[in-house]
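# Quick one, structure for this:
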Amino acid sequence: MEQKRKTRTWCGFLLLLVLLAVFLIWNLFAGSVQLSASQIGQILLGGGDDLTQERIIMQIRLPRMASALILGGALSVSGYLLQTFFHNPIAGPFVLGISSGAKLAVSIAMIVFLSRGVRSSSALLISAAFIGAMLSMGLILLISQRVNQMSLLVVCGVMIGYICSALTDFLVTFADDSNIVNLHNWSLGSFSGSSWDDIAVIVVVVITVSACVFAISKPLSAFQLGEPYAKSVGVNVARFRVVLVLLASMLSACVTAFAGPVSFVGIAVPHLVKSALKSSKPIRVIPACFLGGAIFCAGCDLIARTLFSPVELSISAVTAIFGAPVVIALMLKKRVR
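Predicted coordinates for the structure are as follows:
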């Protein structure tokens, strides 16, 4: 039985790596400007002689693809942590309003600084998003102490999300500066516009936090079996809950700061990964969630930018189309009340 489970896990990871390679190649080739394999190969090796083609690959497609892969993985891991924290399969940063809180905080920060002629840095965006995410998370934690039904908690999270989104829309609508008005496109969610400087910050933050998540796999596994069991094996539950909240909020904040709110990835991907692996062990699920989220967002971003080219869809619209049915199936299967 154990051998069969190991074989299934290895096959699952192999499939994820194959899909990742497929979407990497597909994202490089797909676009309004058609490039051959030899042209892309020369550009990647530094031998391209067409500056326009080189800019398309090196400054547009590659940074965007890297952003989708890394932030998609981060969002999926964040959703997995929140599901573990609340012991609820439909908990996620978007559904609980955490992403919307981060979006509101980033919008306020950008409006304040841009109106004074100060360019907002990556550190500022992440800090503002983290503060917004933590405030929303704190409100959700307060509400969770007053309601017994998890479905009511989800409804409250959705309402918090609507309130934050409405406030963000008010701020964007009445902004005077043309740069601030462009916040509307960011508030819909998109991986476009990523630069290599942004990617460097994203890599440092996401990889560091994800490594910390992987490092707590053992106590996380004990926490999944219930707080009494976790206490019996020496886990400081109160401190561990704080760590889970901080790590999940940081990952969600990083995604929101650079890509805006991205819906349903944090719910759908962890569920699909656990169903495919037939396992809920964190040491297996965490890296699989990261790969699954990367693949999911890369595929959805590919659809968003090519389906109605040159018109581009928001990434949240595409992820909702594929992610929402998974959430509905979860609610019907688990009979969440």
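# residues contacting Val245?
Phe85, Met134, Met137, Leu141 (C-beta atoms under 8 Å, 6 or more residues apart in numbering). Any C-beta I mention is one placed from the backbone N, CA and C, and that applies to glycine too.
# Output the below-cut-off pLDDT ranges for the stretch 151-300 of the chain.
Applying pLDDT under 70 to the stretch 151-300 of the chain picks out residues 151, 175-185.
# Hmm, Ile267 and Leu330 touching each other?
Yes: Leu330 lies in contact with Ile267 (C-beta atoms under 8 Å); the separation is 7.4 Å.
# re the thing from before, out of the contacts of Val245, which two sit at the greatest distance?
Spanning the widest gap among the contacts of Val245 are Phe85 and Met134, at 13.9 Å by C-beta to C-beta.
# buried stuff in the helix or strand hosting Val155?
Element membership for Val155 (DSSP states H and E) is helix 150-173. For helix 150-173, the neighbour count (16 or more other C-beta atoms under 10 Å) marks 150, 153-154, 156-157, 160-161, 164-165, 167-168, 171-172 as buried.
# Using PDB, write out the CA atom coordinates for it.
Provided in PDB are the C-alpha atoms of helix 150-173 (Å, rounded to 0.1, in the frame of the first residue of the first chain):
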ATOM      1  CA  MET A 150     -18.000  27.700   8.500                       C
ATOM      2  CA  SER A 151     -20.400  28.700   5.700                       C
ATOM      3  CA  LEU A 152     -21.300  31.800   7.600                       C
ATOM      4  CA  LEU A 153     -17.600  32.600   8.000                       C
ATOM      5  CA  VAL A 154     -17.100  32.300   4.200                       C
ATOM      6  CA  VAL A 155     -20.100  34.600   3.600                       C
ATOM      7  CA  CYS A 156     -18.600  37.200   6.000                       C
ATOM      8  CA  GLY A 157     -15.300  36.900   4.200                       C
ATOM      9  CA  VAL A 158     -17.100  37.500   0.800                       C
ATOM     10  CA  MET A 159     -18.900  40.600   2.300                       C
ATOM     11  CA  ILE A 160     -15.500  42.000   3.600                       C
ATOM     12  CA  GLY A 161     -14.100  41.500   0.100                       C
ATOM     13  CA  TYR A 162     -17.000  43.400  -1.400                       C
ATOM     14  CA  ILE A 163     -16.600  46.300   1.000                       C
ATOM     15  CA  CYS A 164     -12.900  46.500   0.300                       C
ATOM     16  CA  SER A 165     -13.400  46.300  -3.400                       C
ATOM     17  CA  ALA A 166     -16.100  49.000  -3.300                       C
ATOM     18  CA  LEU A 167     -13.800  51.300  -1.300                       C
ATOM     19  CA  THR A 168     -11.000  50.700  -3.800                       C
ATOM     20  CA  ASP A 169     -13.400  51.500  -6.700                       C
ATOM     21  CA  PHE A 170     -14.300  54.800  -5.100                       C
ATOM     22  CA  LEU A 171     -10.700  55.700  -4.700                       C
ATOM     23  CA  VAL A 172      -9.800  54.900  -8.300                       C
ATOM     24  CA  THR A 173     -12.900  56.600  -9.700                       C
END
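# Does anything pack onto it? Which helices or strands?
helix 98-115, helix 122-144, helix 183-188 (3 or more C-beta pairs under 8 Å, 6 or more residues apart in numbering; DSSP states H and E).
# and the first one with helix 150-173, angle?
What separates the directions of helix 98-115 and helix 150-173 is an angle of 20 degrees, with axes from the mean of the first three to the mean of the last three C-alpha atoms, to 10 degrees.
# for the stretch 201-337 of the chain, what spans make up the helices?
Ranges of helices in the stretch 201-337 of the chain, per DSSP state H, counting those that start in this stretch, are 217-224, 227-232, 237-259, 265-277, 282-306, 315-334.
# Which one, of the ones you listed, ends up nearest to Arg116?
That would be helix 237-259 among those, by C-beta to C-beta, at 19.5 Å.
# Now do the closest one and helix 122-144, the angle between them.
Using the same axes, to 10 degrees, the direction of helix 237-259 lies 130 degrees away from that of helix 122-144.
# ok now helix 237-259, how far from the chain's centre?
11 Å (C-alpha atoms, centre = their mean, to the nearest Å).
# So which bits of that helix are buried?
240, 243-259.
# what does stretch 3-21 give?
Using 16+ other C-beta under 10 Å as the test for burial, stretch 3-21 gives Thr9, Gly12, Leu16, Leu19, Leu20.
# Ok, which of the helices and strands packed on helix 150-173 comes nearest Phe290?
helix 98-115 (18.0 Å).
# Can you point out the buried residues in the closest one?
Buried residues in helix 98-115, defined by neighbour count with 16+ other C-beta under 10 Å: 98-111, 113-114.
# how far out from the middle of the chain is it?
That offset, for helix 98-115, works out to 18 Å (C-alpha atoms, centre = their mean).
# for this structure, what's the longest helix?
Among all segments of the chain classified by DSSP state H, the helix with the greatest residue count is helix 2-29.
# Quick one: mean pLDDT over that one.
Per-residue pLDDT over helix 2-29 has a mean of 85.
# hmm, back to that, more neighbours: Leu330 and Ile267, which one.
Per other C-beta atoms under 10 Å, whichever of Leu330 and Ile267 has more neighbours is Ile267, with 29 against 17.
# ok, that one touching Tyr80?
No: contact criterion C-beta under 8 Å: Ile267 and Tyr80 do not qualify, at 9.7 Å.
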